[in-house]
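Colleague: give me coordinates for this.
(chains A and B)
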Amino acid sequence: QKEVEQDPGPLSVPEGAIVSLNCTYSNSAFQYFMWYRQYSRKGPELLMYTYSSGNKEDGRFTAQVDKSSKYISLFIRDSQPSDSATYLCAMSVYGNNRLAFGKGNQVVVIP
Amino acid sequence: DAGVTQSPTHLIKTRGQQVTLRCSPKSGHDTVSWYQQALGQGPQFIFQYYEEEERQRGNFPDRFSGHQFPNYSSELNVNALLLGDSALYLCASSVRTGQGALEQFFGPGTRLTVL
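Modeller: Model (predicted):
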């Protein structure tokens, strides 16, 4: 079983729709959870970072963490064509320097 | 602030050769991590440098080595290149904390192709 599972299947949505992405993980020691956005041929850009369980909102982006289910989500409201990118979930253990990433989800927002 | 910079952008090598990739961290950051991202995959942690020492290492062979300089910049060296080493190599910088890998900022990467 992989440490972090993220269904890489491409996701196409019309402009203005809500994008819903999620990851599951097996390591119960993970306490920090991040979402990165990666445009083609670029490095990942940190979008959201959450500690332990709960929700965090930043503009059109909402991150949710459910540690009991080992499940994290990212929601993008009012999606724009500029949101078209690959979204990577990442997580780490307290005091550990290694980020464990999912495979990434390619999102296409159609105008 | 220039952010994290990496050089070169692209590199083509043949099997058995050696390669050196370079990274300059974001201003004010003292820690550099290196990741390998194969096509269609998420980044995989190679190692992290802080105070010019390797502090943590992922599941990569000794062919992968690195260095950090007093100005916090870093190099990744890969010896005896294999076809499977073809990937995007990402450098991430951060500020060292006791809490571990918090906000890591990535550079644009170096795309290595091994023929």
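
Colleague: now whichever strand or helix holds B:N77, how far from the centre of its chain.
Modeller: Using DSSP states H and E, B:N77 falls within strand B:74-78. Centre-to-centre, strand B:74-78 and its host chain are 7 Å apart (CA atoms, centre = their mean, to the nearest Å).

Colleague: that strand: which residues count as buried?
Modeller: B:74-76, B:78 (16 or more other CB atoms under 10 Å in any protein chain shown). Quick note: C-beta positions are derived from backbone N, CA and C, even for glycine.

Colleague: now whatever residue of chain A ends up closest to chain B: phi and psi?
Modeller: Proximity of chain A to chain B (CB to the nearest CB) peaks at A:F101, 3.2 Å away. Phi and psi for A:F101, reported as degrees, to the nearest 10, are phi -110, psi 150.

Colleague: right, and it touches A:L88 too?
Modeller: Yes: counting by CB atoms under 8 Å, A:F101 does reach A:L88; the two are 5.4 Å apart.

Colleague: and the residue nearest in space to the middle of chain B, what helix or strand is that in?
Modeller: Residue closest to the average C-alpha location in chain B (CA atoms, centre = their mean): B:W34, at 2.9 Å. B:W34 is part of strand B:31-37 when elements are defined by DSSP H and E.

Colleague: now for the helix or strand just after that strand, which elements pack on it?
Modeller: Downstream of strand B:31-37, the next assigned helix or strand under DSSP H and E is strand B:44-50. In terms of contacts (3 or more CB pairs under 8 Å, 6 or more residues apart in numbering or on different chains; DSSP states H and E), strand B:44-50 is packed against strand B:31-37, strand B:53-57, strand B:64-68.
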